[in-house]
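K.L.:
quick one: sequence plus predicted model below, questions after.
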Amino acid sequence: MQLPNNKKIYFASDQHFGAPTPELSFPREQKFVAWLDEVKGDAEAIFLLGDLFDFWFEYKTVVPKGFVRILGKLAEIRDSGIPIYFFVGNHDLWMSDYFETELNIPVYHDNKEFTFGDKTFLIGHGDGKGPGDMGYKRMKKVFTNPFSKWLFRWLHPDIGVKLAQYLSVKNKLISGAEDVKFLGEENEWLILYAKRKLESKHYNYFVFGHRHLPMIKSVGENSEYVNLGDWISYFTYGVFDGETFEVKKFE
């Protein structure tokens, strides 16, 4: 993808809308809609890197209540011709085809490579990558197992959604509540993951969410690891103008 003059690519992740309650989440949703309204003016594409919702599950004919303003704004932007790409996170990993069929937004369940101009990107949510985090990795295998999803689907939505929302906030393996401090480059799993990937292929940018910590770190020659932060504490996003990548705060 070659960027036209004055066009940019925007990235955001870890909004966790719906948490800790719909009422407390609502002002953050309004702020995110305002951000979408602002960036759509010069956006060539928008990437959402997971955990847009604190919980999401698609029954055959039911999706979670709420988020109307978010979904409506995404539909408006997509209908205007601006591509939007969605990567599932650990809180919305049960996303299926709702975004694709209703909003025409492709959904990715793992990292994907993109090229913008002469820059190569590896993009994803970032959960379960790199060494360590074995507890979450085991749990993710259980949660993504088709039999587990089949069992959960048999719960009435009033029960299943309420239970999942409770666990999403209370269980630190799911919530990532401890992922809020920088561990040092030698202990940051996604930095280690990026360096290992560079051993087999070069990327200019590794762009992830999940850690809730906005940062840009060099991981090799002409290669940077970017974490987008979140929309809980930082309200940060990434922007690529064809030459450089920046992480900015939305005021």
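P.N.:
Yes, it's here.

K.L.:
skipping adjacent residues, who's closest to Arg69 in space?
P.N.:
Once flanking residues are discounted, Arg69 sits nearest to Val33: 5.3 Å by Cβ to Cβ, 6 or more residues apart in numbering. Bear in mind the C-beta positions are built from the backbone N, C-alpha and C, glycine included.

K.L.:
so that neighbour is in which element?
P.N.:
Element membership for Val33 (DSSP states H and E) is helix 22-39.

K.L.:
mind listing what's buried along the helix or strand just after that helix?
P.N.:
Scanning forward in sequence from helix 22-39 by DSSP H and E, the next helix or strand is strand 43-48. Under the neighbour-count criterion of 16 or more other Cβ atoms under 10 Å, strand 43-48 has 43-48 buried.

K.L.:
just to revisit the earlier point, between strand 43-48 and the helix holding Val33, find me the angle.
P.N.:
Helix 22-39 and strand 43-48 are oriented at 160 degrees to each other (axes from the mean of the first three to the mean of the last three Cα atoms, to 10 degrees).

K.L.:
pull the distance from helix 22-39 to the chain's centre.
P.N.:
Taking Cα atoms, centre = their mean, to the nearest Å, one finds the center of helix 22-39 at 16 Å from the center of the full chain.

K.L.:
for it, what is the average pLDDT?
P.N.:
Mean pLDDT, helix 22-39: 96.

K.L.:
packing partners for it?
P.N.:
Counting by 3 or more Cβ pairs under 8 Å, 6 or more residues apart in numbering; DSSP states H and E, the packing neighbours recorded for helix 22-39 are strand 8-12, helix 68-79, strand 236-240.

K.L.:
in that helix, what's buried?
P.N.:
Buried residues in helix 22-39, counted by 16+ other Cβ under 10 Å: 25, 28-29, 32, 35-36, 39.

K.L.:
go on, stretch 240-251?
P.N.:
240-242, 245, 247.

K.L.:
could you give the average pLDDT over stretch 220-233?
P.N.:
So the average pLDDT for stretch 220-233 ends up being 96.

K.L.:
still on that earlier bit, could you dump the helices and strands packed on helix 22-39 to JSON lines with mean pLDDT and distance to Phe208?
P.N.:
Putting the helices and strands packed on helix 22-39 into JSON lines (pLDDT from 0 to 100; distance: least, Cβ to Cβ, whole Å) gives the following:
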{"stretch": "strand 8-12", "mean pLDDT": "98", "distance to Phe208": "10"}
{"stretch": "helix 68-79", "mean pLDDT": "97", "distance to Phe208": "21"}
{"stretch": "strand 236-240", "mean pLDDT": "98", "distance to Phe208": "10"}
